[in-house]
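Engineer: quick one, fold the following:
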Amino acid sequence: MPNPDDVLSLARYNAWQNREMTAALEALPDAALRVDRGAFFGSILATINHLLWADMVWMSRFAHWPAPGGGLEASTELAPTLAAWGAERFRADARLVLWAEGLRTVDLRGMLRWYSGATGRDQVKPLGQCVLHMFNHQAHHRGQVHGMVTAAGGVGWTSDLAFMPDEGRWP
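Structural biologist: Presented below is the predicted three-dimensional model:
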């Protein structure tokens, strides 16, 4: 299971990747963000909305953030524009890093219990595994977005954890 330093590194990586992705998305015309590109959630905007929505849902379980409204079906409609999404994403990433900075080993132990709308039943999983899942889910959907950006003629971004700028902030 992860330790607090691992989670902090992943939170910082997530914030860096979202900044890089946002810059790539801002270079595309709005129409390119809304075209159904055959990904699981269709468009780039729908996919990044789902990603932010899912992060907020997981953080509502981990750190008692307010859960976003609507279920999985509404997850693609969280923010109507890239600018609105970007502001929410920036705030969420800052809060996520602050949460990770305050973690202790004991905070990542034990079981997480929640009702899953996706499965329609109660779930019980190791908390540390759920935290790792959140970060894996982020990387998965950012990878989809990267593919959609390049398919739309945009420029992708470096996504390798090993190349994250150090900024003097590795744990």
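
Engineer: now do the contacts for the residue positioned nearest the centre of the chain.
Structural biologist: Geometric centre of the chain, nearest residue: residue 138, 4.0 Å, by CA atoms, centre = their mean. Residue 138 is in contact with 14, 17, 51, 55, counting by CB atoms under 8 Å, 6 or more residues apart in numbering. Where C-beta positions appear, they are placed from N, C-alpha and C, glycine not excepted.

Engineer: looking at those, which is nearest residue 117?
Structural biologist: When the contacts of residue 138 are compared for distance to residue 117 (CB to CB), residue 55 comes out closest, at 15.7 Å.

Engineer: would the closest one count as being in a helix?
Structural biologist: Yes. Residue 55: assigned to a helix according to DSSP: H, G, I helix; E, B strand; the rest coil.

Engineer: how close does the nearest residue to it once chain neighbours are set aside sit to residue 59?
Structural biologist: Nearest residue to residue 55, sequence neighbours excluded (CB to CB, 6 or more residues apart in numbering): residue 92, at 5.8 Å. Distance check for residue 92 against residue 59: by CB to CB, to the nearest Å, it reads 8 Å.

Engineer: residue contacts, residue 113?
Structural biologist: 122-124.

Engineer: who wins for most neighbours among these?
Structural biologist: Sorting the contacts of residue 113 by how many neighbours each has (other CB atoms under 10 Å) puts residue 123 first, at 14 neighbours.

Engineer: pretty sure it contacts residue 114?
Structural biologist: Yes. Residue 123 lies in contact with residue 114 (CB atoms under 8 Å); the separation is 5.6 Å.

Engineer: those strands in this structure, which residues are they?
Structural biologist: With strands called from DSSP state E, the chain shows them at 111-116, 121-126.
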